[in-house]
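>>> Quick one, what's the 3D model for this:
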Amino acid sequence: MRLGAIILSGGASSRMGVDKALMDWLGRRAVDRVADLAFEVGAQTIVTVGTTDYGLPVVAEETPLGGPVGGVLAGVAALREAGCLRALVLAVDAPSLAAEDLAPLLAADAMGAAYEGLHLPLVVALGALPSDARADWPMARLAERAGVMRLVGPPQAQARLRGANTPQEREALLAELAARENAQNRGVG
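Below is the predicted model:
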């Protein structure tokens with residue numbers, strides 16, 4: 001099934017204080033790291049959802065800052081036009097995610113999958129989304145109505161899966177990312 005990716009980047013970044021998509025993560029913008037990961041795991045089409053053009057295809061939400069479900073619905077419309085049948089929904093504030101963090105979600109034989117206790121990342125069959133979904137719904141309602149399976153998340157990945165909403169979370173994730181990339185560059189894992 002043709003996979004597309006939606007990068008939610010339309011939040012106010014109030015806890016971080018700056019546009020999270022533009023923040024530097026070891027020499028690369030957060031939005032670019034998230035987009036590269038989406039391509040790495042098989043996404044053929046990627047759209048960002050929000051009001052800012054980051055050099056990737058961008059879709060505006062019907063109601064700016066209307067919440068994540070509004071962003072998902074706007075992104076889904078664009079992915080449907082591109083012929084996608086499944087969506088990988090990612091938050092721009094999780095640029096330290098790794099392909100292995102997403103593998104169980106992508107492999108799930110269901111209408112979609114997300115990790116217990118987290119709304120994102122999310123994989124969902126576009127045909128499973130309820131036709132009456134509204135932008136003001138909570139993510140949990142959208143996932144439940146779409147029949148999204150909940151998986152136990154990898155314990156070592158919990159911070160990466162939650163992403164960086166504060167400067168302190170970003171610093172911790174940056175340190176982990178640097179260590180992981182250094183190990184990969186040395187061929188250690």
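>>> name the element the most centrally placed residue in the chain belongs to?
By Cα atoms, centre = their mean, the chain has its centre lying nearest to residue 90, at 0.4 Å. Using DSSP states H and E, residue 90 sits in strand 86-91.
>>> Tell me the spacing between the closest residue to residue 60 other than its chain neighbours and residue 89.
The spatially closest residue to residue 60, leaving aside those adjacent along the chain, is residue 51, at 6.2 Å (Cβ to Cβ, 6 or more residues apart in numbering). Heads up, the C-betas are built off the backbone N, CA and C, glycines and all. For residue 51, the distance to residue 89 equals 18 Å [Cβ to Cβ, to the nearest Å].
>>> who has more neighbours, those two?
residue 89 (29 against 12; other Cβ atoms under 10 Å).
>>> Around the closest residue to the more buried one other than its chain neighbours, count how many other residues there are.
Beyond its immediate neighbours in the sequence, the residue positioned closest to residue 89 (Cβ to Cβ, 6+ apart) is residue 122, lying 4.3 Å away. Using other Cβ under 10 Å, residue 122 has 25 other residues around it.
>>> I'd say residue 122 and residue 108 touch.
No - if you go by Cβ atoms under 8 Å, residue 122 and residue 108 don't touch, sitting 10.9 Å apart.
>>> What segments of the chain are helices?
For the chain, the helices defined by DSSP state H cover 30-40, 68-81, 99-107, 139-146, 158-162, 167-185.
>>> Tell me what angle the second one forms with helix 139-146.
Angular relation of helix 68-81 and helix 139-146 on a 0 to 180 degree scale: 40 degrees, by axes from the mean of the first three to the mean of the last three Cα atoms, to 10 degrees.
>>> outside of helix 68-81, which residues touch it?
4, 6, 8, 10, 45, 47, 49-50, 57, 59-63, 87, 89, 119-120, 122, 126, 129, 133-139, 141-142 (Cβ atoms under 8 Å, 6 or more residues apart in numbering).
>>> PyMOL command for the buried members of those residues?
To isolate the buried subset of those in PyMOL, counting by 16 or more other Cβ atoms under 10 Å, use the following:
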select buried, resi 4+6+8+10+45+47+49+50+57+59+61+87+89+119+120+122+126+129+133+135+137+139+142
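>>> What about the contacts of helix 68-81, which are in strands?
4, 6, 8, 45, 47, 49, 59, 87, 89, 122 (DSSP state E).
>>> closest one to residue 18 among the helices of the chain?
Residue 18 lies closest to helix 167-185 among those, at 9.4 Å (Cβ to Cβ).
>>> starting at the chain centroid, how far to the closest one?
Helix 167-185 has its C-alpha centroid displaced from the chain centroid by 18 Å (Cα atoms, centre = their mean, to the nearest Å).
>>> who are the neighbours in contact with residue 140?
Here residue 140 is in contact with residue 119 (Cβ under 8 Å, 6+ apart).
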